[in-house]
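Sequence first, then the predicted structure, then my questions.
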Amino acid sequence: MSGEKDIVKGRIKEAVGVLTNDDKLRTEGKTDQAVGKVKQAAGKVVDAAKDAAKKTVEAAKDVAKKAENAAKSMRE
C-alpha cells in the first residue's frame, strides 16, 4: 500500500514541478515514483516467498504423514 502512496505522491510532485518549472521538485517526484515501484516489487517478492514457504511446509507435513503411515503398516 505504501508503494502506491509513493507513486501517487511522486506523480503529484512531478506534475507540480513541471507546472512551476522546478527541476528539483520534478526530480523528487520521479524519485518518489521509483521508490514506490521498488516497494511494490519488494512486496510481491515477500508475498511469493511466503507462498513458497507455506507450500513447502504443507508438502513436508504430507511427506511426514506418509512416512508415519508407511512405518505403521510395516510394524503390523
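Arrived safely, thanks for sending.

Residue 25 and residue 17 touch, don't they?
Yes - when contacts are counted by C-beta atoms under 8 Å, residue 25 is listed as touching residue 17 (3.5 Å). Placement of C-beta: from N, CA and C, glycine included.

which stretch of helix or strand covers the closest residue to residue 22 other than its chain neighbours?
Of all residues beyond its chain neighbours, the one nearest residue 22 is residue 16 (7.3 Å), with distances taken as C-beta to C-beta, 6 or more residues apart in numbering. Assigned by DSSP states H and E, residue 16 belongs to helix 2-20.

Then residue 63?
helix 23-75.

Run the angle between that helix and helix 2-20 for me.
Interaxial angle of helix 23-75 relative to helix 2-20 (axes from the mean of the first three to the mean of the last three C-alpha atoms, to 10 degrees): 170 degrees.

and helix 23-75, what does it pack onto?
helix 2-20 (3 or more C-beta pairs under 8 Å, 6 or more residues apart in numbering; DSSP states H and E).

So for the helix it packs on, what gets flagged as buried?
Applying a neighbour-count criterion of 16 or more other C-beta atoms under 10 Å, one finds 3, 6-7, 9-10, 13-14, 17 buried in helix 2-20.

of the residues you listed, closest to residue 31?
residue 10 (7.0 Å; C-beta to C-beta).

ok, the closest one touching residue 29?
Yes - between residue 10 and residue 29 there is a contact under C-beta under 8 Å: 4.5 Å.

Find residues that contact each of the two.
When C-beta atoms under 8 Å, 6 or more residues apart in numbering defines a contact, no residue borders residue 10 and residue 29 alike.

Now for residue 68: which residues touch it?
Residue 68 touches nothing, counting by C-beta under 8 Å, 6+ apart.

how close does the nearest residue to residue 18 once chain neighbours are set aside sit to residue 37?
Excluding the flanking residues, the one nearest residue 18 by C-beta to C-beta, 6+ apart is residue 26, at 5.9 Å. Applying C-beta to C-beta, to the nearest Å, the value for residue 26 to residue 37 is 17 Å.

Looking at these two, which has the bigger crowd around it?
Using other C-beta atoms under 10 Å, the more surrounded residue of residue 26 and residue 37 is residue 26, with 19 against 15.
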